[in-house]
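K.L.:
sequence isn't available, so here's the structure alone:
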């Protein structure tokens, strides 16, 4: 099972390299079901792996001119706060057993996986349907006077709390917000979201390290290295692959996985 986990981590990186996002949603299931890591630690490790992978993608997009740092900072600051609060204070304060209804016991781990499964299903719908390119037309230099600062900040805080709680990147939440609320075009929104995901995820992991120093760094760095190797492979293969069909196929796979996890947590 561990070999399958290492292999799928590499494949996840390949997918990230091919399409620039989406694959990181598999990190938590890989850690929990193949490496048998508990949900709290798995979501922490996922933040590090996702943050590192998104950082490589974001740096590439920045070099190509597809990152709006001003809008990213407006969104990211409350998102950083949200993910850090979730990892350093909210999750550690939750009791191991939250409540029970008959034979159905909701533990901290079950709650994390229920929310994660719902986010997987939501992300899969975005992948299957695809994103409309015509929602916004602004370029990298959006006029900050036209931005709805409070709404963008609130969205950033909510995204930070949610993604910090379940250890996901949250690109499927961040990108629509950047397009609709900040008026960025899709390419700039994708690049900006990668930078946001990278910094907020690594900051969230730092929050975990502050309350739990028992990190298996050797294991974590091996997985991170595999994901980065996969990113380079995927970046090379991207010139030969139709990204639309691949994203839809992966979306259906994520939908099946999310539904399976949701059913398992409810009926186990």
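P.N.:
The structure has been received and is ready for your questions. This is a predicted model, so every value here is computed, not measured. Numbers count the residues shown, from 1 in each chain.

K.L.:
list the contacts for the most centrally placed residue in the chain?
P.N.:
Centre of the chain computed as the mean C-alpha position; nearest residue by CA atoms, centre = their mean is residue 169, 1.4 Å away. Under the criterion of CB atoms under 8 Å, 6 or more residues apart in numbering, the contact list for residue 169 reads 21, 24, 25, 50, 54, 163, 197, 201. (Each C-beta comes from the backbone N, C-alpha and C, glycine too.)

K.L.:
can you tell me which of the residues you listed is nearest residue 231?
P.N.:
Minimum separation from residue 231 among the contacts of residue 169 (CB to CB) is found for residue 54, which lies at 9.9 Å.

K.L.:
tell me which of the contacts of residue 169 fall in helices.
P.N.:
In helices, judged by DSSP state H, the following of those are found: 50, 54, 163, 197, 201.

K.L.:
which pair in those has the greatest spatial separation?
P.N.:
Checking the ones in helices among the contacts of residue 169 against each other with CB to CB, the farthest-apart pair comes out as 54 and 163, at 11.3 Å.

K.L.:
who's in contact with the residue lying closest to residue 161 once chain neighbours are set aside?
P.N.:
Once flanking residues are discounted, residue 161 sits nearest to residue 82: 4.1 Å by CB to CB, 6 or more residues apart in numbering. Contacts were defined as CB under 8 Å, 6+ apart; by that measure residue 82 touches 156, 157, 158, 159, 160, 161, 162, 164, 200.

K.L.:
quick one: residue 82 from residue 115, how far?
P.N.:
In this structure, residue 82 and residue 115 are 14 Å apart, going by CB to CB, to the nearest Å.

K.L.:
now swap in residue 236 and tell me
P.N.:
With CB to CB as the criterion, residue 236 and residue 115 are 35 Å apart.

K.L.:
those two: which is more packed in?
P.N.:
Each of residue 236 and residue 115 had its neighbours counted (other CB atoms under 10 Å), and the higher figure belongs to residue 115 (15 against 12).

K.L.:
one step back: shared neighbours, residue 54 and residue 163?
P.N.:
Applying CB under 8 Å, 6+ apart, one finds that residue 54 and residue 163 are jointly contacted by 169, 201.

K.L.:
where does the residue of the chain most remote from its centre land on pLDDT?
P.N.:
Seen from the C-alpha centroid of the chain, the residue lying at the greatest distance (CA atoms, centre = their mean) is residue 102, 33.7 Å away. Model confidence at residue 102, given as pLDDT, is 76.

K.L.:
could you list every residue that touches residue 37?
P.N.:
31, 45 are the contacts of residue 37 under CB under 8 Å, 6+ apart.

K.L.:
and it, helix, strand or coil?
P.N.:
Taken by DSSP: H, G, I helix; E, B strand; the rest coil, the conformation at residue 37 corresponds to coil.
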